[in-house]
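Peer 1: Sequence and predicted model, in that order:
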Amino acid sequence: MTKPGSSLRMLDCEVKGYKACFTTGCFFKMTNVTMALCRIHNHRLGGILCEGRPGTKVNIMSSTITQNNIVGICLLGSNSHPKIKKNEINETNGPGIFCFIDTGPQIMENSFNKNKSGVFVESADPLIFRNDILNSSESGVVFTTIEEATCRGEMVMCTVKESEENGVLIKGLNCNPKIHSNLQIGLSKLAGIKVAEKAHPIISNNVIKNNLAQGILIVEGASAHISKNIIDENMKANIAFGGMLSGDTVIHHNTITNGRAEGIFMIEGEYAIITKNKIKKNMDGILLSAASPLVSENKIEENRRCGIIMVSHCDPRVFRNLIVNNYMCGILMRQNSMGAIEKNEVILILID
């Protein structure tokens, strides 16, 4: 443990714990720290606990933090900005990195493998950049909030694969992170990205594919701004959302392809905007159930059943869409559905 106001340079060290003892590998309390090329392992109370303050300089780099209990690295301290770079963080019975309220760490170019979750963010504002987060036993990355404290972090250029639950879980009032430009969020046993409990993230320019449930799932009471993503080959709907507060959802300029079920599925919601997407080779392009969004200027083509299906008292505005060569029909309305269907181009191309 270091004393407040001191400085520490820690190079090429091993700090080994014993599972029979309640130890923490390192405890840095309001200290300037440079750690590199170290190995911190086998501690029951966590690998590294770092409590910072404004102006404290903490750099943890090129180290291995492995086989610790509770947490790999725990970051505390309002307005602290530690740098966690190029580390291997593995086999933690808890989060690889835990970011607590009001911290703003830079988490860059780390490798996470076989942790409970790679990064767990609780009302903090981290930059999570160029990390590989693999084989998490729960969700790969979690953003959440405490009461009304905000969470506005960013996750950029990461790969999140093979999570036992969701690739990315975003939940809580005032939880508004930016999830953008990630290389792949895929092969999760549940959704690629799940949004819940009044969260409203921005999800843009990601590749979200090959998840065993939805590509993006927005549950009742949450919403999202979804733009310019490639959402491909997810087992359930590529995008699914609906219910209370779903009307704040905007889905535009995405490429939504090869879904085993719907390209977009919306249930029991109003006023959402679905515009300028390319929706191709799903089972159905868009399926609306008791929903009334604006569906405009999309290209909906080569879906294996219908371009757009409306069931259970839908009342959308379907405007200026190009609906081409869907196998059963372009637009199907059932069960007392109605709506303004205007200026769409519906084409069936017969091929010998």
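Peer 2: Yep, that arrived. Only a predicted model underlies this, so the values are computations on that prediction, with no experimental measurement involved.
Peer 1: Pull the contacting residues for the residue minimising distance to the centre of the chain.
Peer 2: The residue lying closest to the centre of the chain (Cα atoms, centre = their mean) is residue 168, at 3.1 Å. By Cβ atoms under 8 Å, 6 or more residues apart in numbering, residue 168 lies in contact with 139, 140, 141, 142, 143, 155, 160, 179, 185, 192, 193, 194. (Each C-beta comes from the backbone N, C-alpha and C, glycine too.)
Peer 1: So what sits opposite residue 227 in the bridge?
Peer 2: residue 204, residue 252 (DSSP bridges).
Peer 1: what's the neighbour count on it?
Peer 2: Counted by other Cβ atoms under 10 Å, the residues lying close to residue 227 total 19.
Peer 1: and it, how far is that from residue 196?
Peer 2: 20 Å (Cβ to Cβ, to the nearest Å).
Peer 1: Other residues contacting stretch 52-64?
Peer 2: 28, 30-41, 48, 50, 73, 75-88, 90, 103.
Peer 1: Out of these, which end up buried?
Peer 2: 28, 30-33, 35-36, 38-41, 48, 50, 73, 75-77, 80-82, 84-85, 87-88, 90, 103 (16 or more other Cβ atoms under 10 Å).
Peer 1: and residue 244, helix, strand or coil?
Peer 2: coil (DSSP: H, G, I helix; E, B strand; the rest coil).
Peer 1: ok, it - how many residues close by?
Peer 2: Residue 244, neighbours per other Cβ under 10 Å, totals 13.
Peer 1: pLDDT at it, what is it?
Peer 2: In this model, residue 244 is scored at 85, pLDDT.
Peer 1: end-to-end on stretch 107-120?
Peer 2: Criterion Cα to Cα, to the nearest Å; first-to-last residue distance in stretch 107-120 is 12 Å.
Peer 1: and if you look at stretch 32-41?
Peer 2: Counting by Cα to Cα, the terminal residues of stretch 32-41 are separated by 22 Å.
Peer 1: A strand includes residue 49, no?
Peer 2: Yes: Residue 49: assigned to a strand according to three-state DSSP.
Peer 1: Surely it touches residue 74?
Peer 2: Yes: the pair residue 49 and residue 74 qualifies as a contact (Cβ atoms under 8 Å) at a distance of 4.8 Å.
Peer 1: Next up, the contacts around residue 345.
Peer 2: Per Cβ under 8 Å, 6+ apart, neighbours of residue 345: 321, 322, 323, 324.
Peer 1: so who does the first one touch?
Peer 2: With contacts defined as Cβ under 8 Å, 6+ apart, the neighbours of residue 321 are 295, 296, 297, 298, 299, 300, 307, 308, 344, 345.
Peer 1: which one among the residues you listed gets closest to residue 118?
Peer 2: residue 298 (34.3 Å; Cβ to Cβ).
Peer 1: pretty sure the closest one contacts residue 273?
Peer 2: No: using Cβ under 8 Å as the test, residue 298 is too far from residue 273 to be in contact (11.0 Å).
Peer 1: who's more crowded, these two?
Peer 2: More crowded of residue 298 and residue 273, by other Cβ under 10 Å: residue 298, with 29 against 16.
Peer 1: In space, what's closest to residue 180 - neighbours in sequence excluded?
Peer 2: residue 204 (4.5 Å; Cβ to Cβ, 6 or more residues apart in numbering).
Peer 1: how many other residues sit next to that neighbour?
Peer 2: Residue 204: 18 surrounding residues under other Cβ under 10 Å.
Peer 1: begin at 38 from here
Peer 2: Noted, 38 is the first residue going forward, which turns the last one into residue 241.
Peer 1: Looks like it contacts residue 261 (just checking).
Peer 2: No: judged on Cβ under 8 Å, residue 241 makes no contact with residue 261 at a distance of 10.0 Å.
Peer 1: Need the residues touching each of those two.
Peer 2: With Cβ under 8 Å, 6+ apart as the test, residue 241 and residue 261 reach no residue in common.
Peer 1: How far does stretch 109-129 sit from its chain's centre?
Peer 2: 19 Å (Cα atoms, centre = their mean, to the nearest Å).
Peer 1: what comes up buried for stretch 331-346?
Peer 2: Under 16+ other Cβ under 10 Å, the buried positions of stretch 331-346 are 331-340, 342-346.
Peer 1: Including pLDDT, could the contacts of residue 358 go into JSON lines?
Peer 2: Output for the contacts of residue 358, formatted as JSON lines (pLDDT from 0 to 100):
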{"residue": "332", "pLDDT": "96"}
{"residue": "333", "pLDDT": "97"}
{"residue": "334", "pLDDT": "97"}
{"residue": "335", "pLDDT": "98"}
{"residue": "336", "pLDDT": "98"}
{"residue": "337", "pLDDT": "97"}
{"residue": "344", "pLDDT": "95"}
{"residue": "345", "pLDDT": "95"}
{"residue": "381", "pLDDT": "93"}
{"residue": "382", "pLDDT": "93"}
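Peer 1: Filter these down to just the ones in strands.
Peer 2: Judged by DSSP state E, these include 332, 333, 336, 337, 344, 345, 382 as members of strands.
Peer 1: Let me see the confidence value for the closest residue to residue 243 other than its chain neighbours.
Peer 2: Leaving aside its sequence neighbours, residue 243 sits nearest to residue 219 (Cβ to Cβ, 6+ apart; 4.5 Å). Note on residue 219: pLDDT of 98.
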